[in-house]
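# Here is a sequence together with a model predicted from it:
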Amino acid sequence: MRAHPEFVAGPGQLDTELMRGVPGLLSKSGAEGVQAVALPDGRAVAFKIDDGAARARGPILVAELRRMGIEAAVLSRYAEVAVTGGGRPVGAIQAVARPT
């Protein structure tokens, strides 16, 4: 998967671009808003988006990777997703940390 990330999700897809942009990262999305990511040092994150939509996947994943101390140029591309209405941007999807 790491050697040929384009076979995991296709050119330009989140999994593919993250594996190309973050050394050693393994990323795989699944049906109904499921995402799993592993780092070569053994750390990992997995989540399920309740409504099954994929649009929040990038912002959530970027927030978690940054929380784990991962920084890479590719993350900025997926940190926010535009929400459109009538063909125009009307908002954005961003991950927001809840206080613990």
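Arrived safely, thanks for sending. Numbering: from 1, shown residues only.
# Could you list the low-pLDDT ranges of this structure?
Low-confidence segments of the chain, defined by pLDDT under 70: 99-100.
# middle-most residue in it, spatially?
Geometric centre of the chain, nearest residue: Gly58, 3.2 Å, by Cα atoms, centre = their mean.
# Restrict the strand or helix carrying that residue to CA atoms and write it as PDB.
Using DSSP states H and E, Gly58 sits in helix 57-67. C-alpha atoms of helix 57-67 as PDB (Å, rounded to 0.1, in the frame of the first residue of the first chain):
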ATOM      1  CA  ARG A  57     -13.100  12.800   6.900                       C
ATOM      2  CA  GLY A  58     -10.200  15.200   5.900                       C
ATOM      3  CA  PRO A  59     -10.700  17.800   8.500                       C
ATOM      4  CA  ILE A  60     -11.000  15.200  11.300                       C
ATOM      5  CA  LEU A  61      -8.000  13.300  10.100                       C
ATOM      6  CA  VAL A  62      -5.800  16.400   9.800                       C
ATOM      7  CA  ALA A  63      -6.800  17.500  13.300                       C
ATOM      8  CA  GLU A  64      -5.900  14.100  14.700                       C
ATOM      9  CA  LEU A  65      -2.600  13.900  12.900                       C
ATOM     10  CA  ARG A  66      -1.600  17.400  14.000                       C
ATOM     11  CA  ARG A  67      -2.600  16.500  17.600                       C
END
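# for the helix or strand just after it, the distance to its chain's centre please.
Moving toward the C-terminus from helix 57-67, the next helix or strand (DSSP H and E) is helix 73-78. Mean-position distance between helix 73-78 and its chain equals 9 Å (Cα atoms, centre = their mean, to the nearest Å).
# got it, and stretch 82-100?
That offset, for stretch 82-100, works out to 15 Å (Cα atoms, centre = their mean).
# Same question for it: list its buried residues.
Using 16 or more other Cβ atoms under 10 Å as the test for burial, stretch 82-100 gives 93, 95. (C-beta placed from N, C-alpha, C; glycine too.)
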